[in-house]
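>>> for reference, the sequence and a predicted model appear below.
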Amino acid sequence: MIPPILHQTWKSTELPADLRAMQASFLALNPTMELRFYDDDRMRDFVRDAFPDYLQIFDELAFPVLKADLFRLLAVLKVGGFYADMDMECLAPLSQFYGSDSAIFGVEAHVTRTRQQELGYDQPFQIANCIFAAPPGHPFLRSVVDRVVDHLRTRSVARIGDIEDATGPKALTRIFYAERPKDVRVLKQICWVPPDVFADFAPTRARVMCRHHFLGSWKGEGPGPSLKRRLIERNRLPNPFPTSIWHDFGWS
């Protein structure tokens with residue numbers, strides 16, 4: 001069952017004021033939630049103690065965001081609970097998910113078929129890794145960790161543009177479609193991670209549980225995507241009332 005535990009990471013124990021406020025939003029709306037906060041040193045200590053077989057590959061990862069992506073999977077796999085990026089803001093209680101035996105994910109982006117081809121997405125949307133939840137030992141997370149670690153061991157991740165395919169939303173979406181798990185819930189986008197472009201009016205605002213502010217601090221860690229790709233990525237479809245993945249593809 002999903003425990004009321006929130007895992008978050010940052011490069012140090014000193015948080016900027018805006019991130020402290022977003023972190024506080026989770027605790028204010030979820031008073032029984034336990035915060036487990038990890039800086040770089042604590043992340044490494046956790047991997048060393050809980051997943052010693054992965055410590056070498058963790059240490060060798062070229063970009064900090066690769067470590068953060070892998071760590072969030074490992075922390076929730078081992079302990080269970082929720083993971084949320086530091087730029088996630090909680091707008092409603094998450095207690096309805098406590099005790100669930102399913103893993104909970106959301107949709108990050110929904111693009112046109114043309115943009116899908118231009119961006120190289122496997123699907124016209126991506127499953128987000130900026131916030132998710134699962135019980136400890138969930139089989140889908142176990143499979144994601146195995147596949148991600150295998151990718152990291154066998155392929156070079158030399159450019160910042162490779163990260164989403166190695167450890168980020170693109171990898172998560174690809175594995176989701178390969179596994180087609182029946183014990184995973186993917187929430188509608190407006191309920192979980194709506195982009196700021198959504199209209200801020202009552203029918204949509206009432207359904208929003210968390211808002212992603214998309215600060216994207218990791219994108220400055222290395223050679224980034226081309227200007228053309230960055231312009232394409234900006235042209236994502238605002239989609240305030242998408243159908244759920246389960247409804248679209250019906251394998252539940």
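Sure, I can see it.

>>> ranges for the helices of the stretch 1-150 of the chain?
Taking DSSP state H, counting those that start in this stretch as the test, the helices found in the stretch 1-150 of the chain are 17-29, 40-50, 55-60, 64-79, 113-119, 139-154.

>>> what segments of the chain are strands?
Under the criterion DSSP state E, the chain contains strands at 5-9, 34-38, 81-84, 88-90, 103-110, 125-127, 131-134, 184-187, 210-212.

>>> point out the other helices and strands that the last one packs with.
The criterion is 3 or more CB pairs under 8 Å, 6 or more residues apart in numbering; DSSP states H and E, and the helices and strands that strand 210-212 contacts are strand 88-90. Quick note: C-beta positions are derived from backbone N, CA and C, even for glycine.

>>> cool, the fifth one as well?
Using 3+ CB pairs under 8 Å, 6+ apart as the contact criterion, the secondary-structure elements in contact with strand 103-110 are strand 125-127, strand 131-134, helix 169-179, strand 184-187, helix 189-192.

>>> quick check: angle from the third one to helix 64-79?
Between the axis of helix 169-179 and that of helix 64-79 there is an angle of 40 degrees, by axes from the mean of the first three to the mean of the last three CA atoms, to 10 degrees.

>>> same question for helix 169-179, mean pLDDT?
Per-residue pLDDT over helix 169-179 has a mean of 85.

>>> what do you get for the shortest one?
Over the span of strand 125-127, the pLDDT mean works out to 76.

>>> partners of that strand, with directions?
strand 103-110 (antiparallel) (DSSP bridges).

>>> and the strand it pairs with, what's its mean pLDDT?
In this model, strand 103-110 has a mean pLDDT of 79.

>>> so where's the chain shaky on pLDDT?
Where the chain drops to pLDDT under 70, the residues are 109-112, 115-116, 118-124, 156-166, 188-207, 214-252.

>>> picking up where we left off before, can you tell me which of the helices of the stretch 1-150 of the chain is most buried?
Among the helices of the stretch 1-150 of the chain, ranked by average contacts under mean count of other CB atoms under 10 Å, first place goes to helix 64-79 (a mean of 22).

>>> give me the neighbour count for the closest residue in space to K67 that isn't next to it in sequence.
Among residues not flanking K67 along the chain, L61 sits closest, at 5.1 Å (CB to CB, 6 or more residues apart in numbering). The local packing of L61 (other CB atoms under 10 Å) involves 19 other residues.

>>> L61 against A68, yeah?
No - if you go by CB atoms under 8 Å, L61 and A68 don't touch, sitting 9.5 Å apart.

>>> and for these two, which residues touch both?
Residues touching both L61 and A68 by CB atoms under 8 Å, 6 or more residues apart in numbering: none at all.

>>> now the strands of the chain in a markdown table, with distance to A24?
Below are the strands of the chain laid out as a markdown table (distance: least, CB to CB, whole Å):
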| stretch | distance to A24 |
| --- | --- |
| strand 5-9 | 11 |
| strand 34-38 | 10 |
| strand 81-84 | 12 |
| strand 88-90 | 9 |
| strand 103-110 | 21 |
| strand 125-127 | 27 |
| strand 131-134 | 16 |
| strand 184-187 | 23 |
| strand 210-212 | 14 |
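
>>> out of those, which comes closest to R44?
Each of the strands of the chain has some distance to R44 by CB to CB; the shortest is strand 34-38, at 9.1 Å.

>>> show me what that closest one is packed against.
If you count contacts as 3+ CB pairs under 8 Å, 6+ apart, strand 34-38 packs onto strand 5-9, helix 17-29, helix 64-79.

>>> to F132, which of those lies closest?
Closest approach to F132 among the helices and strands packed on strand 34-38 (CB to CB): helix 64-79, 7.0 Å.

>>> which helices and strands does that closest one pack with?
Counting contacts by 3+ CB pairs under 8 Å, 6+ apart, helix 64-79 is packed against strand 5-9, strand 34-38, helix 40-50, helix 55-60, strand 81-84, strand 131-134, helix 139-154, helix 163-166.

>>> the ones you listed: which one's closest to A103?
Each of the helices and strands packed on helix 64-79 has some distance to A103 by CB to CB; the shortest is strand 131-134, at 3.8 Å.
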